[in-house]
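Enquirer: one predicted model, sequence on top.
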Amino acid sequence: QVQVIDSGGGLVQAGGSLRLSCAASGRTFTMYKMGWFRQAPGKDREFVATITWSGGHTIYADSVTGRFTISRDNVKNTVYLQMNSLKPEDTATYYCSAALTDGRGFNYWGQGTQVTVSS
């Protein structure tokens, strides 16, 4: 079992920046990758970015490429999402998730942190 706690959301003006954090605990040695997803009101949850735990390989959604950066600190068992040049359409609840080496995909989710970008 792995537990993840996400934090760092807030209210920011368009063009501003925020950094989200996701702290993992438990059987972190079984983690394969971690990711960020987001869900805006009335919309489905969508993929934002992922990073593999050992190699640090990253993948981004087209909508955030060049503006968001995902990174990890293996010592602190923490993943970050640096969000720059924020747009009103980035407004959503952001969720951190962990995928283990068991092949079951993203199965462990944080409680979500709200990001609101004003125009």
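Expert: Thanks, I have the structure now.
Enquirer: what's the closest non-adjacent residue to residue 114?
Expert: residue 9 (4.6 Å; CB to CB, 6 or more residues apart in numbering). Placement of C-beta: from N, CA and C, glycine included.
Enquirer: look up how far residue 115 lies from that neighbour.
Expert: 5 Å (CB to CB, to the nearest Å).
Enquirer: how about the strands in this protein?
Expert: 2-7, 10-13, 18-26, 31-39, 46-52, 58-60, 68-73, 78-83, 92-100, 106-109, 113-118 (DSSP state E).
Enquirer: can you redo those as TSV with mean neighbour count and mean pLDDT?
Expert: As requested, those are arranged in TSV below (neighbours: other CB atoms under 10 Å; pLDDT from 0 to 100):
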stretch	mean neighbour count	mean pLDDT
strand 2-7	18	96
strand 10-13	13	98
strand 18-26	19	96
strand 31-39	22	95
strand 46-52	19	97
strand 58-60	16	98
strand 68-73	18	97
strand 78-83	22	98
strand 92-100	23	96
strand 106-109	16	94
strand 113-118	17	98
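Enquirer: related to what we said a few turns ago, can you tell me how far the residue nearest to residue 114 is from residue 38?
Expert: 10 Å.
Enquirer: kind regards, and thank you for your time.
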